[in-house]
Structure formats: structure tokens, C-alpha cells
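Peer 1: pasting a predicted model and its sequence here:
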Amino acid sequence: MERRRLRVTGTVQGVGYRPFVYRHAVALGLAGQVSNDSEGVLIEVEGPSERLDQLTRVLSEEAPPLARVAAVVSTPLASTGQVGFGIVESRAEGTPAVPVSVDVATCANCLREVDDPADRRFGYPFTNCTDCGPRYTIIRSIPYDRPTTTMAGFAMCRACEVEYHDPADRRFHAQPNACPACGPHLRLLAGDGSVLAERGDALEAAAKALLTGGVVAVKGLGGYHLAVDATDTEAVSELRRRKHRDDKPFAVMAADLEVARSLCVLSPEAEAALASPRRPIVLAPRRTAPSASASRSGVGQLRNPEPADAGTEEMGVAEGVAPALPELGLMLPYTPLHHLLLARVGRPLVMTSGNASDEPIAHADDDAVARLGPMVDLILTSDRPIHIRCDDSVVRARAGGAVQMLRRSRGYAPEPLALPGRARRQVLAVGAELKNTVAVARDTSIVASHHIGDLGHLAAYRSFLQAVEHLCHLTGVTPEVVAHDLHPEYLSTKFALDLDLPSVAVQHHHAHIASCLVDHGRSGPVLGVAFDGLGLGTCGTLWGGELLVADLHRFERVGHLRPVPLPGGDRANTEPWRMAMSWLHAALGPAAAERFGRDVDERWHAVLSLIEHPATATTTSGGRLFDAVAALVGLRHRASYEGQGPIELEACAAGVPLGSAPGYEIDADDDGNVVVVDPAPLVARAVAEHDSGVPVALISAGFHDGLGRGLAEAAVALAGRHGLTTVALSGGVFQNARLTEVVAGAVTGAGLEVLVHQRVPPNDGGISIGQAAVAALAADP
């Protein structure tokens, strides 16, 4: 007889791993015990050598559906003659090192119980098991056990206790286990917080309100959604009015894949992402134009309900869900409550973040009443607290099938990413100002937080502070260095510099390329093309259209877009006509800029003066170039959300095949060291064609294709000059599917490898990951 200690690391807590070990050990007739601790799962097991080997092989090669095993390490121990095998209490000693499981959509077994009138969990909206349910959003501390979650206040009834302690049951040691007799339950509140109904009555009343044009706040896993009937034009308009969200698209929740297919054209990859346990929002092309018949009278009032059609025949959503855009953001239900609500309504629902425009999502119940109460008719909530707010993740299926992450949050955070190398120190990276995330690095992994948002909002900054503390606590990281952006006015930078820690300033676009390298498990060097809105450069000017030779240690700027004035600074973000004047001035001179400005805004003269003043800051921003062209062709002179002009410009070209609008060319000035890419000819041609009545779709396609070809040519030339064979594309502009396809296709056609973001967002949501990698591998902070 032998005895061994087996140390299992990876994502092995909160995923049914201890019951998995128990079942295999008992089946093999082995003695011992299994427990969670701060490093993962610890097993001490005793029996014949060949059976111990067999167990070790099983643990190395198999796992429960949600587990991710990093390593199984065996150490010999002295035999004790132990009899029987059991699960013992978790140990809380030591520094936490175990990855925390992500939140997981309701599994098929639990849904069958919820739908079965004979089951004791029939209609129960908080049904879960070891294979599904809340994890990250309810965990206060680790090891992952019920007392360290927000379920600590719910004592299990006798029936749940029996399941919890039965090794043959799939709820064996399922920490959020609950039922109608002992678990959380629904409450329906008025906007002032007063209770109107509970349990099943609350669900029925909420469904009736949605069917009669009401706006209902619905508590989910990581926060509250604002819900309306997505087929009701007037309800959607009323939601926009109350939420102060003029144009930014809403996400839509469909009951199942069949309904989703009736709304959008779904590739196999898009369907796989939609139906995965992670349940992100998936951006997909709309199948048909919304039906005008979806509109009914009585804006913002509760009307007599019409019978819900539970069938799956094609139904259009209101045009106001995603105005002027050919795509919808679709998701499927991921909690029992969602399934129950969709079944009763029988129509797709808008499910947008529970906040006023640009604020963080509400997740605490009192905050939901305070912030959402004035803008909703009802609040469908529960008494299970959410510890960490966590927005829905967003992905897009690209040409060729790969799925690109646009927002990495619920279902993905805080899953670790491999660091291409071993960290020299423990790092806290505080990210960017917009689309903020934070990250930590230790040993060979990086763990990034959920989406936090725009730190300019006080509530978001408070969420940032909580995320820093919580992430360090869960991962056991004690930062030895803090990584931050170069920009001194970023709140994240100020926070970092106030810490009593050595700091590493990571240039914004270097962080973008580094995040792409981490995404692909590479260390570089590569020729990086980083295109985004703005980021402070090492020379003190505002960059945003950069060509860099970069690896995870250093970078060299070897090319960039032509710099042009940025009149009005941050005002250009919401007033794209300013950058239109600036690029017109650069491409066609002051007279052209003046003519355009006179027709658009009475402040044109002041803006023209700024453009011509030598003290005005300049920028190489690719994002601002797209803003300018969107304004010049009449799409968007003013923006109500970030990136609106570029998004609509891309949408215009959606139906135009690549290469259908020839003649758009770009200039480049190459002095042998730095290439300056000049898109002025693209701007001039776009203006000329617009003045000649050429359809905006063809202008947009020509601009995208010409810019993409020009960038690819510059990247290929620079890669050859520096002996590189790989090009990495990063930055928010490369959320643009058409531009990405053109650049990637041209670079691949030249025989080079292209890295495009997949698991890490190309936008500022990935900045903390790039910062963490650079700082973790730096020789001297």
C-alpha cells in the first residue's frame, strides 16, 4: 500500500472538482480525502500503486465540464492505514493561487428541472448545480465554500443538505445549492422600492408589464438589466428617453437559437458562442428589416397585454433597437429567471445594462432602487446579493470564423491568461481611462478583471477601487510594482502613482500590441499596427495611428499617420465635424475647411483658427480619421456615443464586396527610418465623390479598402526592413471588421503572418493585460 499527496492546480474550485475526485477514488477503492485550499485542490490518497497511478492519469486527462486543470503534482507520503474516502473542510491558510471560476449559464439538467411540474424546483429561478450558476459574482473570498459567498445567509433545507452530501448527486458540494424552500426568492418592487409582489406572482406581473409596454429592471448574475419588448417600437423609444441613450444599440435576448436565427444570420461559430456556457452578446448581421407593425400606441404606459406568441416564426425587432446598423447584439438566456421570463413574454427582449447612459451597471439592490427606480415601471429583484458587478461580455464572429472578443467580462473574467514567460515580480496593472479593466500578473499567468468602464464617472472609479482590492485578494497577489499609462491625467495613472510602489509607465500603443501578443501566447518581436482613438506618445503628442516594432519588453516607433491638428481636444470625440475640418484643411486647404464648417456649425471660425494656430495639439489618431470621414460624407456631425461615426461608416459599406470601389489610394513619406502614412488623398477623393453624388456605401467601401491596403503596404515594407515575419493588429479601430479583413488579407497575401485579437479585446479593455505583461517581464521597474 502507498500513500500520495496530489496537488491539482488550475480552475478547480466551484466547478465540481472535489466530487469528481471523490467518485473516481471511491470507484477505485482508494482511501483518503480531498479538500480545497488557497492553491487549488489537495488530495491525500492511499491504496495499491497501480490504482494510485490510474487515479493520477484520470485527474490529468479528465475533468468536469467547467474545470481547467493546469497541473497534477504527486508527492509520496507515509502510509497511515486510513479507511474510506471523504471530502473534508477547506483550508484557508496560505496565499491564494487558485483561479476563480467564471459565472456559467444554466445547464440543460437544471433547465429540465425548472420545466418539470413534478420536480421540487419547478419554476424556481435560482436553480443551479456544480455545472452551472453564479461563481465570480458571488465570491467574497476563497477557498470557494458557501460561507465565503453571498449564499452564506441561506441555510440549506433538509432536502438540499441530502443532495449536497450525496456523492452520486450532481449537487454534491454545489456551494450555491438552493430550492424554493430555503433559497433566494423573487420580489417585484415599484420604482420607490416598495414591495408589490413576491415569488411566482412577481414573475407573472413583470411579464405582463413587459407585454404592455413597460420598462422593467431585471436582476441578473452580475447586475441589473433594463428590459422592454424588443418588438415594441414605442417601448424601445421610451427606454431610450428614460435611459438618456439616443442612438447606441441595445442588446437583445432571444429565447433560444431558433428565435435567434430568425433575427440574424448566424455562422456556426456565432451559434457556438451564443449557446456556449459563457453566454456572451454576439454581434451578428440582421436577417430582415424590423417590421413596422411591431409598434403600438401609448408611449411609456402599461397597455392591455396581447397574447404572447411562443412560436419561433420570424419576428422583427424595432428599428430603434440598433438604429442605422446592420447588426444586432444577440444573447441567449443564461439564468433560470431569464428562461422563465422569456417563456412568459414569448418575444425577444431588449436587455441593456441597468444604468443611465455611460454609468456603471447597477448591482447592489439599494443602488438599483436609487438609480433605476426613477426610470423604470417595475424592478424584478431577489434577495441573493451580487458581490461584484459584471457586465455582459461582447464578441463578434469575424470573416473566416474566428470569434473576436470586444468586451471581456461575465463568463470570461477572471479566467487566467498565460503570460509568455515567467514574471520577475508580482504586478498590478491599472489599465486605461475608458473601457477600464485592471489586471494582475504572477508566475506564468495574468488575471484580468471584469469590464469596469469610464473612470470619469464616480461610481465607475469606486468600482475600479473595489476591483483592484478584490482581484488582488482573490489571486493572492501582493503587488511589487504597478503598471500604468503614460498619460498623467488618467485617474488610473494618478491612482498608481499614489501607491507606495515602484511603477512602470507603459506607452498606450505598446500596451495594445503587448495585449495582442499575450492573446496569442507570443513574446515577439512583431511589426505592430496600433490604431485607436488617442494615447499619449513618448514625445508628448497624442498618438493613435502607429506602426511599431515591438515585443513584450520594448518598442520602437517606425511609422505613423500624418499628424493633423486636434481642434478642441476632447470635444472632437462628440463633435466629429471638428476633425472633418482638420482633415479637409490638410487635404484640400483652408477654403474647403471653411465651406464645410459654415454649413455645419456656427463655431466654424473658432475651429478654423484652432486648426491654423501653431500651439494646437496634433494627433495621428486613426479613430479621429474615421470620425472625420463619417462627418464629411454626411453620416454623423455629432456623436451621442463613443465611436458612433466610425461604426456607422463601417455599416454603410456592409453590402459592398471588397475591391468594389477602386481608386482610393494613400500616400506615404519614407525617409528610411520612419514612414509617415498620409491619408489626405483618401479624404480628398471621398469629398469629391460625395459632391458628385456617389452613394455613401461606395465611398465608405473605397475609404476602408484604400486605407487598409495602404496600411498593409507600409506594414509589409517595415516588417521586411526590420527582419520581421509577423504583423499584429491592435487598437479599437481594429474592431472594424472590414478594415481588419482588408489589412489582414493583404499582409497574408504578402507572405507574412497576421495576429488579430481573439480572446483579449483590441480596444482599451485589453490595455491592462498588455501593461501587466510588459511590467512583469521588465528587467528593472
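Peer 2: Great, that's in hand.

Peer 1: show me the domain layout of the protein.
Peer 2: 2-87, 186-382, 414-520+764-777, 543-549+559-756 (automatic domain parsing).

Peer 1: any chance of these in a markdown table, with distance to residue 163 too?
Peer 2: Where you see a C-beta, it was placed from the backbone N, CA and C, and this is true even at glycine. Below are those laid out as a markdown table (distance: least, C-beta to C-beta, whole Å):
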| stretch | distance to residue 163 |
| --- | --- |
| domain 2-87 | 11 |
| domain 186-382 | 17 |
| domain 414-520+764-777 | 27 |
| domain 543-549+559-756 | 45 |
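
Peer 1: so which of those is the most surrounded?
Peer 2: domain 414-520+764-777 (a mean of 23; mean count of other C-beta atoms under 10 Å).

Peer 1: ok so, going back, out of the domains of the chain, which is closest to residue 532?
Peer 2: Of all the domains of the chain, it is domain 543-549+559-756 that lies closest to residue 532, at 3.6 Å by C-beta to C-beta.

Peer 1: any idea of the mean pLDDT for that closest one?
Peer 2: What domain 543-549+559-756 shows for mean pLDDT is 95.

Peer 1: start and end of that domain, how far apart?
Peer 2: Its first and final residues considered, domain 543-549+559-756 spans 21 Å by C-alpha to C-alpha, to the nearest Å.

Peer 1: could you do stretch 673-684 as well?
Peer 2: End-to-end distance for stretch 673-684: 27 Å, by C-alpha to C-alpha.

Peer 1: got the contact list for that stretch?
Peer 2: 545, 547, 557-562, 583-584, 586-588, 625, 628-629, 632, 664-670, 703, 706-707, 710-711, 714, 717-718 (C-beta atoms under 8 Å, 6 or more residues apart in numbering).

Peer 1: what about the strands in the stretch 601-750 of the chain?
Peer 2: 618-619, 667-670, 675-678, 726-730 (DSSP state E, counting those that start in this stretch).

Peer 1: let's have those in a markdown table, adding distance to residue 159.
Peer 2: Shown next, in a markdown table, are the strands of the stretch 601-750 of the chain (distance: least, C-beta to C-beta, whole Å):
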| stretch | distance to residue 159 |
| --- | --- |
| strand 618-619 | 64 |
| strand 667-670 | 72 |
| strand 675-678 | 68 |
| strand 726-730 | 52 |
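
Peer 1: among the ones you listed, which comes closest to residue 444?
Peer 2: Nearest to residue 444 among the strands of the stretch 601-750 of the chain is strand 726-730 (21.1 Å), distances taken as C-beta to C-beta.

Peer 1: strand partners of that closest one, parallel vs antiparallel please.
Peer 2: When pairing is defined by DSSP bridges, strand 726-730 lines up against strand 526-536 (parallel), strand 753-756 (parallel).

Peer 1: what average pLDDT does the first one get?
Peer 2: Within the predicted structure, the mean pLDDT of strand 526-536 is 97.

Peer 1: surely residue 471 is in a helix?
Peer 2: Yes - under DSSP: H, G, I helix; E, B strand; the rest coil, residue 471 sits within a helix.

Peer 1: now the strands paired with strand 726-730 in CSV, with distance to residue 87?
Peer 2: Below are the strands paired with strand 726-730 laid out as CSV (distance: least, C-beta to C-beta, whole Å):
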stretch, distance to residue 87
strand 526-536, 47
strand 753-756, 44
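
Peer 1: buried deepest among the ones you listed, which one?
Peer 2: strand 526-536 (a mean of 28).

Peer 1: restricting to C-alpha, output that strand in PDB.
Peer 2: Provided in PDB are the C-alpha atoms of strand 526-536 (Å, rounded to 0.1, in the frame of the first residue of the first chain):
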ATOM      1  CA  VAL A 526       6.400  41.800 -34.400                       C
ATOM      2  CA  LEU A 527       5.500  44.700 -36.600                       C
ATOM      3  CA  GLY A 528       2.600  46.200 -34.700                       C
ATOM      4  CA  VAL A 529      -0.200  48.300 -36.200                       C
ATOM      5  CA  ALA A 530      -1.900  50.100 -33.400                       C
ATOM      6  CA  PHE A 531      -4.900  52.200 -34.500                       C
ATOM      7  CA  ASP A 532      -7.300  53.700 -31.900                       C
ATOM      8  CA  GLY A 533      -8.700  57.000 -30.600                       C
ATOM      9  CA  LEU A 534      -5.900  58.600 -28.600                       C
ATOM     10  CA  GLY A 535      -3.000  57.700 -26.500                       C
ATOM     11  CA  LEU A 536      -0.200  59.800 -25.200                       C
END
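
Peer 1: going forward, the N-terminal residue is numbered 34.
Peer 2: Fine by me, first position is 34 from now on; the one you just mentioned is strand 559-569.

Peer 1: next one: stretch 160-172 to chain centre, how far?
Peer 2: How far stretch 160-172 lies from its chain's middle: 19 Å, per C-alpha atoms, centre = their mean, to the nearest Å.

Peer 1: just the C-alpha atoms of that stretch, please, in PDB.
Peer 2: The C-alpha coordinates for stretch 160-172 follow below in PDB (Å, rounded to 0.1, in the frame of the first residue of the first chain):
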ATOM      1  CA  THR A 160     -31.800  26.600  -9.700                       C
ATOM      2  CA  ASN A 161     -28.100  25.600 -10.100                       C
ATOM      3  CA  CYS A 162     -25.700  22.800  -9.700                       C
ATOM      4  CA  THR A 163     -21.900  22.100  -9.800                       C
ATOM      5  CA  ASP A 164     -22.000  22.500 -13.600                       C
ATOM      6  CA  CYS A 165     -23.700  25.900 -13.800                       C
ATOM      7  CA  GLY A 166     -24.700  29.100 -12.000                       C
ATOM      8  CA  PRO A 167     -23.100  32.000 -10.300                       C
ATOM      9  CA  ARG A 168     -19.400  31.900  -9.200                       C
ATOM     10  CA  TYR A 169     -17.300  35.000  -9.600                       C
ATOM     11  CA  THR A 170     -20.100  37.500  -8.900                       C
ATOM     12  CA  ILE A 171     -21.000  35.900  -5.600                       C
ATOM     13  CA  ILE A 172     -17.500  35.000  -4.200                       C
END
